[in-house]
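Q: All I have is the shape, not the residue letters:
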Ligand SMILES: Nc1ncnc2c1ncn2[C@@H]1O[C@H](COP(=O)(O)OP(=O)(O)O)[C@@H](O)[C@H]1O
Ligand SMILES: CCCC(=O)OP(=O)(O)O
């Protein structure tokens, strides 16, 4: 028996959709969203119908009968911290996605849309390796402020998928490798993978690590406190500076690294050039930190995510961190396939679904 699988991957700057028959891709589509397009919506949940219409339209454009699907799987969002694996979108999980128990991010919509479409046609819905997968070592949880422990929010699905892909291509078990994986998408995550666990990673959402197209990354905390109490901004406005309107958006008014590259190197925009170099500098610096986490014994550094398509970004980062370990580039991500495989493992009985 084969399974037809609808895969839904909402990112902060994109919606990626795929339909698979078992592991065979029937069709896929990536729709990129500008900040202008997305910021029309007052909340993540308010984007649901907009993103659902994209899915329905893509199925129709491919003459695909939605009723022939066997399962729907979505990227998992800001739930409570949980172990990696495949989870049915239960009522409890759905409720937490709607609230966003650890915050607001487009990935909250993955499970919500999988469940809604699944219920409409009477098929099961799942999420796989959500962004809250937490494998941090105890030592990595200290921040210096006891009330503010460091937490694990990152591109868990793709970080795990590319790490396992590297292990497979090199005929080595994933849990015997020490890897640094750098995902450069709307957010940037830099993870230290040791013995099959992500023992440290920057909180990709909330002011930690390098800046990214949409996020501030780590900011000077004292200055941030002053800004918060300056009376000039609401809480929401301050938070948007960290998540949504930070990073490339804040400096240059775009979340598109291709646009920044064009401004910097074709149009002679000096600030864009400086921001481009600052981006690669910050990413390289975080890789250096994760090399220390791994005691300097790093088998491979993997660069992935949409920005890894840029040779110029890759070359600049490589020139700074090449001394640590060799680099492998997996541009884009393996998230659609990873979601498919997670759903299939449960549908075929190879793995038991976890309970949220
Ligand atoms: N060929 C490319 N060169 C440089 N940047 C790219 C390229 N393709 C996509 N990007 C950038 O990658 C970022 C989005 O990455 P992606 O992994 O798709 O993000 P997300 O899933 O978070 O929406 C955007 O800034 C986009 O401009
Ligand atoms: C919430 C962590 C994952 C993340 O940042 O994803 P995007 O790059 O898709 O925003």
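A: Received, thanks. Computed from a predicted structure; not experimentally measured. Ligands and ions are numbered 1, 2, ... in the order given.
Q: what does this structure put close to ligand 1?
A: With the criterion set to Cβ under 6 Å from any ligand atom, the chain comes near ligand 1 through 11-14, 185-186, 213, 255-258, 305-307, 309-310, 333. In this view, the C-beta of every residue, glycine as well, is placed from N, C-alpha and C.
Q: if we go to 5 Å?
A: Within the chain, the residues that sit near ligand 1 (Cβ under 5 Å from any ligand atom) are 11-14, 185-186, 213, 256-258, 305-307, 309-310.
Q: Show the buried residues in those.
A: When the residues of the chain next to ligand 1 are checked for burial by 16 or more other Cβ atoms under 10 Å, the buried set is 11-14, 185-186, 213, 256-257, 305-307, 310.
Q: Nearest to residue 111 among the residues you listed?
A: residue 11 (14.3 Å; Cβ to Cβ).
Q: Can you tell me which residue of the stretch 51-200 of the chain sits closest to ligand 2?
A: Proximity of the stretch 51-200 of the chain to ligand 2 (Cβ to the nearest ligand atom) peaks at residue 187, 2.5 Å away.
Q: residues contacting that residue?
A: Residue 187 is in contact with 12, 154, 155, 204, 205, 212, 213, 214, 215, counting by Cβ atoms under 8 Å, 6 or more residues apart in numbering.
Q: which non-adjacent residue is nearest it?
A: Closest residue to residue 187 apart from its sequence neighbours, by Cβ to Cβ, 6 or more residues apart in numbering: residue 204 at 4.1 Å.
Q: same question, residue 210
A: Nearest to residue 210 is residue 282, by Cβ to Cβ, 6+ apart, at 3.6 Å.
Q: Sort out for me which of the residues of the chain next to ligand 1 are in strands.
A: Judged by DSSP state E, the subset of the residues of the chain next to ligand 1 located in strands is 14, 305.
Q: Which members of the residues of the chain next to ligand 1 are the farthest-apart pair?
A: Between any two of the residues of the chain next to ligand 1 (Cβ to Cβ), the greatest distance is 18.0 Å, for 12 and 310.
Q: can the lowest-mean-pLDDT helix or strand in the chain be found next to ligand 2?
A: The weakest-scoring helix or strand in the chain, judged by mean pLDDT, DSSP states H and E, is helix 35-38 (a mean of 89). No. Taking Cβ under 5 Å from any ligand atom as the criterion, helix 35-38 and ligand 2 are apart, separated by no less than 10.9 Å.
Q: Could you do stretch 99-108 as well?
A: Yes. Judged by Cβ under 5 Å from any ligand atom, stretch 99-108 comes into contact with ligand 2 at residue 105.
Q: Identify the residues contacting that stretch?
A: Stretch 99-108 is contacted from outside by 10-12, 15, 43-45, 47, 75-81, 97-98, 130-132, 151, 153, 205-206, 243, using Cβ under 8 Å, 6+ apart.
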